[in-house]
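Enquirer: Structure for this input, please:
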Amino acid sequence: MSGLAELQRDLQQHVLNGDAEIAAAVNGTDAVPVSTRLAVYSNAYRSRLAEALSDNMSHLRHVLGEEEFDTVANRYIDMYPSQVPSIRWFGHRLAEQLAASHRDRPWIAELARWEWALAASFDAQDAPAAGIESLAAVAPGEWGELRLEFHPSVQHLELNTNAQALFKALSEEQPAPEPAILDQPQSWLLWRQDLKTQYRSLEPAESAALAAVRDDGTFGEMCEALCDWHEADDVPLVAAGMLKRWIVEELIVRLA
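Expert: Numbers count the residues shown, from 1 in each chain. Next comes the predicted model:
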């Protein structure tokens, strides 16, 4: 390993893990000792990671307050060092951490989960959506085994609190409702359409249908799931209506 590469490795280990091996290669003075010089890099790295979390979770920061958010961010940086080249994707386990650290306030973790999902939908890969004419290409005998490929931006969330209402109020600069646990879980659909992030709530039947067909399920399995919510004779028409809506909303990229 070259001298430069070794210095770069040692500096990285210091920034990431506090390893002091590089200290011998750094010149210090009485006014600016080695520890101070090295701290510039370590602190700048952590500050940039905390800034990335703040950018992706701005409403969470507002709800927690600056001081508590800084505590949360620093704990997350310690527990889950960045493992990806793009800082954009640093923070994917923050909601998981908050679910454990803020059990008495479950809306905190769900707000983080909601903000992360919205940002992930916006930044997801692009793919051409299937047109409504693709339905006509499905032969009558193929419907039962039909599988749907969804746009990479599509996400299906279930929230147990009013975190989405908190997010909406803060986004519109309106008074936020009191955080609360819902009487019944609420499912949400998120996706990107025409370069704009979209979302809407789902009724239980559509949520069950979406879950069935997104987990590599067939259209026939989707219809079976809908039988728990509708009369069997009504299911084909209901399922066809849902599929048509999903195509119009540009959720589907391919019918297989």
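Enquirer: Now residue 201: phi and psi?
Expert: phi -80, psi 160 (degrees, to the nearest 10).
Enquirer: I'd like to know how many residues surround it.
Expert: Neighbourhood size, residue 201 [other Cβ atoms under 10 Å]: 12. For the C-beta atoms, the positions are set from N, CA and C on the backbone; glycine is no exception.
Enquirer: got the contact list for it?
Expert: 186-189 (Cβ atoms under 8 Å, 6 or more residues apart in numbering).
Enquirer: now, the most widely separated pair of the residues you listed?
Expert: Within the contacts of residue 201, 186 and 189 form the most distant pair, 11.2 Å apart (Cβ to Cβ).
Enquirer: re the thing from before, tell me the one among the contacts of residue 201 nearest to residue 81.
Expert: For the contacts of residue 201, the nearest to residue 81 is residue 188 (30.6 Å; Cβ to Cβ).
Enquirer: Not counting sequence-adjacent ones, nearest residue to that closest one?
Expert: Excluding its sequence neighbours, the residue lying closest to residue 188 (Cβ to Cβ, 6 or more residues apart in numbering) is residue 157, at 4.7 Å.
Enquirer: can you point me to the longest strand in the chain?
Expert: Assignment by DSSP state E gives strand 181-193 as the longest strand of the chain.
Enquirer: Could you list the residues in contact with that strand?
Expert: 106-107, 114, 117-118, 121-122, 124, 151, 153-162, 164, 197-202, 204, 206-207, 210, 249-251.
Enquirer: Name the residues that touch stretch 114-122?
Expert: So stretch 114-122 is contacted by 56-60, 91-92, 94-95, 153-155, 157, 159, 163-164, 167, 188, 190-192, 197, 199 (Cβ under 8 Å, 6+ apart).
Enquirer: and the residues you listed, which are buried?
Expert: The neighbour count (16 or more other Cβ atoms under 10 Å) marks 56-57, 59-60, 91, 94-95, 153-155, 157, 159, 163-164, 167, 188, 190-192, 197, 199 as buried among those.
Enquirer: before we move on, the earlier item: what's near enough to touch the residue nearest to residue 188?
Expert: So residue 157 contacts 113-114, 117, 187-188, 190 (Cβ under 8 Å, 6+ apart).
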